[in-house]
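[1] here are the coordinates; sequence isn't available:
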């Protein structure tokens, strides 16, 4: 990890210790590295051209989406059962950079985000902190970000505290690719092979009190070839809904 001159030295040292990485003063000539400056944390790749990405909720495409879309009308919100007067607890079991979770939180739902990569989790936490101080505290307050493996977390016996909805976007496996080009390249270089999708879906269907929602490419086969109860199509993606009502 590289800390810029304007980075908080104590924060940089604490983050490096938490992630178990070396804190350096110069950028490497090759490979991936974390960059911390006054604007926050970024994942970078050395080379020509260099690439970098941050978790960003209040500017760029995500900021536009949050400001202009009718969140209750978005397909993801409808698939998760959000409507006026009904905002179920949702677990985003494959949180990544948290874009979909932020939309769900903006629509009013409490969302628990699970991310198994320590680096992606750090990027996500950094993005949420910046969003909190940047005017989105009302939405980030509904987002509980945890560093956890979803298959293990979902196997816990939480009884009556089980989430109503579990949301899955297995975006790093198969032909489905949800991230933008440069972000996808960085994440593919960073991450291990995806969790077994059949196990993840099975545990989600056991744990969810009301439904499991799976984001897929519009023309992709259902996850683990399990036919959903219904789906909501979009231009390039669709949301497969598996009902699990247990009350």
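    Great, that's in hand. All values derive from a computational prediction rather than experimental measurement. Residues are numbered from 1 along each chain as shown.

[2] what helix or strand is the spatially closest residue to residue 226 that is not a sequence neighbour on?
    Nearest non-adjacent residue to residue 226, counting by CB to CB, 6 or more residues apart in numbering: residue 201, 6.4 Å away. For the C-beta atoms, the positions are set from N, CA and C on the backbone; glycine is no exception. Element membership of residue 201 [criterion: DSSP states H and E] is helix 197-207.

[3] Mind listing what's buried along the following helix or strand past that helix?
    Per DSSP H and E, the first helix or strand lying C-terminal to helix 197-207 is strand 211-217. Across strand 211-217, burial judged by 16 or more other CB atoms under 10 Å covers 211-216.

[4] Just to be sure, residue 134 is in a helix?
    Yes - using DSSP: H, G, I helix; E, B strand; the rest coil, the assignment for residue 134 is a helix.

[5] With residue 56 as the reference, measure out to it.
    10 Å (CB to CB, to the nearest Å).

[6] Which one of the two is surrounded by more residues?
    With neighbours defined as other CB atoms under 10 Å, residue 134 and residue 56 compare such that residue 56 has more, 22 against 15.

[7] quick one: that one and residue 126 touch, right?
    No - taking CB atoms under 8 Å as the definition, residue 56 is not a contact partner of residue 126, at 9.8 Å.

[8] quick check, residue 183 in a helix?
    Yes - counting by three-state DSSP, residue 183 is found in a helix.

[9] just to revisit the earlier point, for the buried residues of strand 211-217, which one is nearest residue 79?
    Distances from residue 79 to the buried residues of strand 211-217, taken as CB to CB, are shortest for residue 213 (4.7 Å).

[10] Which residues lie in contact with that closest one in this structure?
    76, 79-80, 165-168, 239-242 (CB atoms under 8 Å, 6 or more residues apart in numbering).
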